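Novice: Any chance you could fold what I've pasted below:
(one chain, ligands or ions: 1)
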Amino acid sequence: MTTSAAASATAALSTPSSVNPHRSSSALRLPASLRRSHPNRFLSSSPSRSPLVPVSAMASPAAAGETSSRKKLIIFDAEDDLAASLAKYTSELSAKFAAERGAFTVVLSGGSLVKALRKLAEPPYLEAVDWSKWHVFWVDERVVPKDHADSNYRLASDQFLSKVPIPADQVHAINDELSSEGAAGDYETRLKQLVKNGVIELSPVSGFPKFDLMLMGMGPDGHVASLFPGHPVVNEYQKWVTFVKDSPKPPPERITFTFPVINSSAHIALVVTGAGKAGAVHKALSEGQSTSDLLPVEMVSLQNGELVWFTDKPAVSMLSSI
Ligand SMILES: O=C1O[C@H](COP(=O)(O)O)[C@@H](O)[C@H](O)[C@H]1O
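Specialist: Here you go, the predicted model:
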């Protein structure tokens with residue numbers, strides 16, 4: 001860590017508890033998996049510097065048959081820097097997968113994540129990315145018409161997809177004419193067809209689909225996709241796609257990828273910003289937290305892939321290890 005980056009991190013640490021009433025006085029520790037691969041634990045960035053990604057965490061790809069799971073945490077000073085880094089990360093993976101297998105399978109969430117994608121639709125990425133290789137899916141969707149204000153498809157379409165030249169038949173929205181149960185079953189059937197066609201890979205480890213990149217957010221309650229704390233669907237281990245009719249966050253009816261699918265991904269970019277999410281970030285990234293009542297975000301655990309947290313200082317403000 002450079003001196004200036006360290007100073008930046010120290011500044012976050014020295015936030016007085018009167019300013020941050022949620023700050024815990026107890027010493028918080030990172031999980032061993034993050035500590036081992038991050039001697040500096042948390043790295044920060046500022047507009048004048050490139051984001052500091054812990055190089056030691058960039059494990060070399062696993063040899064055939066081996067599994068390897070990598071985690072990184074990046075903290076940005078400014079939302080614009082986060083968006084720039086996310087665009088770079090995504091475009092590099094797009095180039096890699098397009099070259100390796102002629103397709104790039106990208107899964108989107110709804111919510112605040114979508115705004116963070118905006119720089120992908122700007123130069124240089126707008127011209128440099130081979131959009132013809134993209135196949136877009138949703139990790140969750142609200143069961144509403146596609147033109148409804150609550151639709152995750154509509155949000156992505158308005159703010160991102162309408163600005164980039166992805167072939168329309170490679171944008172895989174849910175069928176909004178079906179019930180939640182029907183739409184989940186239909187989406188799973190379509191995924192299976194795309195596995196047969198070779199567009200989506202199958203994980204040799206889990207037997208579930210292995211998407212190249214999931215771009216996901218997290219709610220203040222620690223939910224990911226439409227997998228909410230305490231809801232029985234967090235324990236769905238058979239289906240690829242399931243549904244809820246009683247989401248605690250409106251609208252109530254949704255479809256969602258299950259954890260076996262999420263955890264089979266090759267890469268997940270988890271974009272978490274804002275003080276409202278600091279409590280869930282604290283629980284997820286501090287060692288010694290209870291494991292009996294895991295938040296959904298804590299159940300994101302890649303079998304053979306890379307999970308990168310793209311965060312800002314307010315989101316990590318309850319961690320004392322920075
Ligand atoms: O309802 C949802 O919420 C989560 C989190 O949204 P955010 O605005 O707090 O980032 C989102 O990831 C999910 O796709 C969406 O359906």
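
Novice: which stretches of this structure form helices?
Specialist: Taking DSSP state H as the test, the helices found in the chain are 3-13, 32-37, 79-101, 125-128, 152-159, 180-196, 259-262, 278-285.

Novice: so what's V281 closest to, chain neighbours aside?
Specialist: What sits nearest to V281 in space, not counting adjacent residues and going by Cβ to Cβ, 6 or more residues apart in numbering, is A315, at 5.3 Å. (Each C-beta comes from the backbone N, C-alpha and C, glycine too.)

Novice: Correct me if wrong: that neighbour contacts A278.
Specialist: Yes. If you go by Cβ atoms under 8 Å, A315 and A278 touch, sitting 5.8 Å apart.

Novice: Could you check how far the closest residue to F228 other than its chain neighbours is from Y187?
Specialist: Once flanking residues are discounted, F228 sits nearest to P248: 5.5 Å by Cβ to Cβ, 6+ apart. As defined by Cβ to Cβ, to the nearest Å, P248 lies at a distance of 22 Å from Y187.

Novice: who's more crowded, these two?
Specialist: Each of P248 and Y187 has its neighbours counted (other Cβ atoms under 10 Å); Y187 has more, 25 against 13.

Novice: The residue in the chain that the ligand sits nearest to: neighbour count?
Specialist: Of all residues in the chain, G111 sits closest to the ligand, at 2.4 Å by Cβ to the nearest ligand atom. Each residue near G111 was counted by other Cβ under 10 Å, and the total is 18.

Novice: pLDDT at it, what is it?
Specialist: pLDDT, G111: 98.

Novice: and it, what is it in contact with?
Specialist: N152, L155, G217, G219 (Cβ atoms under 8 Å, 6 or more residues apart in numbering).

Novice: And the furthest pair within those?
Specialist: L155 and G219 (14.8 Å; Cβ to Cβ).

Novice: thinking again about what came up before, just confirm the residue nearest to F228 contacts G222, I think it does.
Specialist: No. The criterion here is Cβ under 8 Å, and P248 misses it with G222 at 11.8 Å.

Novice: got the residues of the protein near the ligand?
Specialist: Residues of the chain lying close to the ligand (Cβ under 6 Å from any ligand atom) are S109, G110, G111, S112, L113, D140, N152, M216, G217, G219, S226, K249.

Novice: Mind doing that once more with 8 Å?
Specialist: Taking Cβ under 8 Å from any ligand atom as the contact definition, the chain meets the ligand at 108-113, 138-142, 152, 216-220, 223-226, 247, 249, 254, 271-272, 276-277.
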